[in-house]
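# What shape does this take:
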Amino acid sequence: MIVLITGASSGFGLLTALACAGRGHRVIAAMRDPAKQDGLLAMAVERGVQHLIDVCKLDVTKEEEAVRTVETVIERYGRLDVLVNNAGFARGGMIEEVPLEDWRDQMETNFFAVVWLTQLVVPHMRRQGAGLIVNVSSISGRMAMPGFGPYSASKFAVEGFSESLRLELAPFGVHVVLVEPGSYKTDIWRKGFNLVKTSPDSPYRDMTEAVFRTARQTAEQAGDPGEVAELIAALAGHPHPPLRHPIGRGMKPALAARSLLPWNWYERMVRRILGI
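Numbering: from 1, shown residues only. Next up, the predicted model:
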């Protein structure tokens, strides 16, 4: 299989590239800065799969780079079997205090880039009569927490987009799935925390400190991101994959609480846990 993975220089993307290559798939590891490929290639050499990984430059927010990438893949390999929309980042902060430009940046990378790249690959998969689109979402796309409004909004958008897309492509033999990780040991949250700026006189200062203190504690106890990579690699060979794939410690009870409890009960529970 020919597998295109975005955001492959680190985190889930890097590990998914290795996992897919480990199963014998040809991997195109797309990353915004190919100078950061050394970590991926070193690990690929250790696993003996370096001959199955090709690195390409792709900033998913640059439409012309996306066009060039998909055209190159089709010209070089003749087909594209799996697209893993993984590239993304987390923008945190209280909604009132997050500048509109930051909201736009969040949606541009986490949502609009997913839409555009998907639009580019779908015609090829449709003509093939087969294909798989894996959209890496998050538990934050199923349940939103205070302080993560921009990130949750982008992932909720990915969830709705994926539901519609799956129904539209089913008659053509193209599958769409959502991988919904909980908290894992990747850089996305550390980077997101660093982007949060709260003024000393902010009315949300105490809440922000409480929320991010809990988030940091959760991140410290997070699981091995290799679990997510192995799940995605397994989905690449699944003949009829289900739509949603939540994964991670505490995901099932958290989602059950969100869907089964009356909202006021759920709200009280969340506020108690966060201390707000």
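
# Please report the distance of residue 237 from residue 225.
Taking C-beta to C-beta, to the nearest Å as the measure, residue 237 falls 20 Å from residue 225. No exception for glycine: its C-beta is placed from N, CA and C like everyone else's.

# got it, and residue 141?
Applying C-beta to C-beta to residue 141 and residue 225 gives a distance of 17 Å.

# now residue 39
Counting by C-beta to C-beta, the separation of residue 39 from residue 225 is 14 Å.

# which of residue 237 and residue 225 has more neighbours?
Set residue 237 next to residue 225 and count neighbours by other C-beta atoms under 10 Å: residue 225 wins out with 20 against 14.

# How about the contacts made by the closest residue to that one other than its chain neighbours?
Closest residue to residue 225 apart from its sequence neighbours, by C-beta to C-beta, 6 or more residues apart in numbering: residue 184 at 4.2 Å. Counting by C-beta atoms under 8 Å, 6 or more residues apart in numbering, residue 184 makes contact with 12, 222, 223, 224, 225, 227, 228, 248.

# and those as JSON lines, adding distance to residue 58, secondary structure and pLDDT?
Listed next are the contacts of residue 184 as JSON lines, based on distance: C-beta to C-beta, whole Å; DSSP: H, G, I helix; E, B strand; the rest coil; pLDDT from 0 to 100:
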{"residue": "12", "distance to residue 58": "16", "secondary structure": "helix", "pLDDT": "96"}
{"residue": "222", "distance to residue 58": "27", "secondary structure": "coil", "pLDDT": "73"}
{"residue": "223", "distance to residue 58": "28", "secondary structure": "strand", "pLDDT": "82"}
{"residue": "224", "distance to residue 58": "26", "secondary structure": "coil", "pLDDT": "89"}
{"residue": "225", "distance to residue 58": "21", "secondary structure": "coil", "pLDDT": "92"}
{"residue": "227", "distance to residue 58": "25", "secondary structure": "helix", "pLDDT": "95"}
{"residue": "228", "distance to residue 58": "21", "secondary structure": "helix", "pLDDT": "96"}
{"residue": "248", "distance to residue 58": "27", "secondary structure": "coil", "pLDDT": "90"}
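
# my guess is residue 185 contacts residue 226, does it?
No - the criterion here is C-beta atoms under 8 Å, and residue 185 misses it with residue 226 at 9.7 Å.

# which ones are touching residue 242?
The contact partners of residue 242, taken as C-beta under 8 Å, 6+ apart, are residue 177.

# what's next to the strand or helix carrying residue 160, contact-wise?
Here residue 160, judged by DSSP states H and E, is contained in helix 149-169. With contact meaning C-beta under 8 Å, 6+ apart, helix 149-169 is reached by 85, 88, 90-95, 98, 102-103, 106-107, 109-111, 114-115, 118, 122, 125-126, 133, 135, 137-138, 140-142, 144-145, 175-178, 192, 243.

# try 7 Å this time
Residues outside helix 149-169 that contact it (C-beta atoms under 7 Å, 6 or more residues apart in numbering) are 90-92, 95, 98, 102-103, 106-107, 110-111, 114-115, 118, 122, 135, 137-138, 140-141, 144, 176, 178, 243.

# Check stretch 260-276 too.
Against stretch 260-276 from outside (C-beta under 7 Å, 6+ apart): 146, 207, 210, 211, 214, 257, 258.

# just to revisit the earlier point, name the strands paired with the helix or strand just after the helix holding residue 160 and say parallel or antiparallel.
Downstream of helix 149-169, the first helix or strand assigned by DSSP H and E is strand 174-181. Here strand 174-181 has these sheet partners by DSSP bridges: strand 131-136 (parallel), strand 244-247 (parallel).

# looking at these, which is closest to residue 79?
strand 131-136 (8.8 Å; C-beta to C-beta).

# No more questions from me, cheers.
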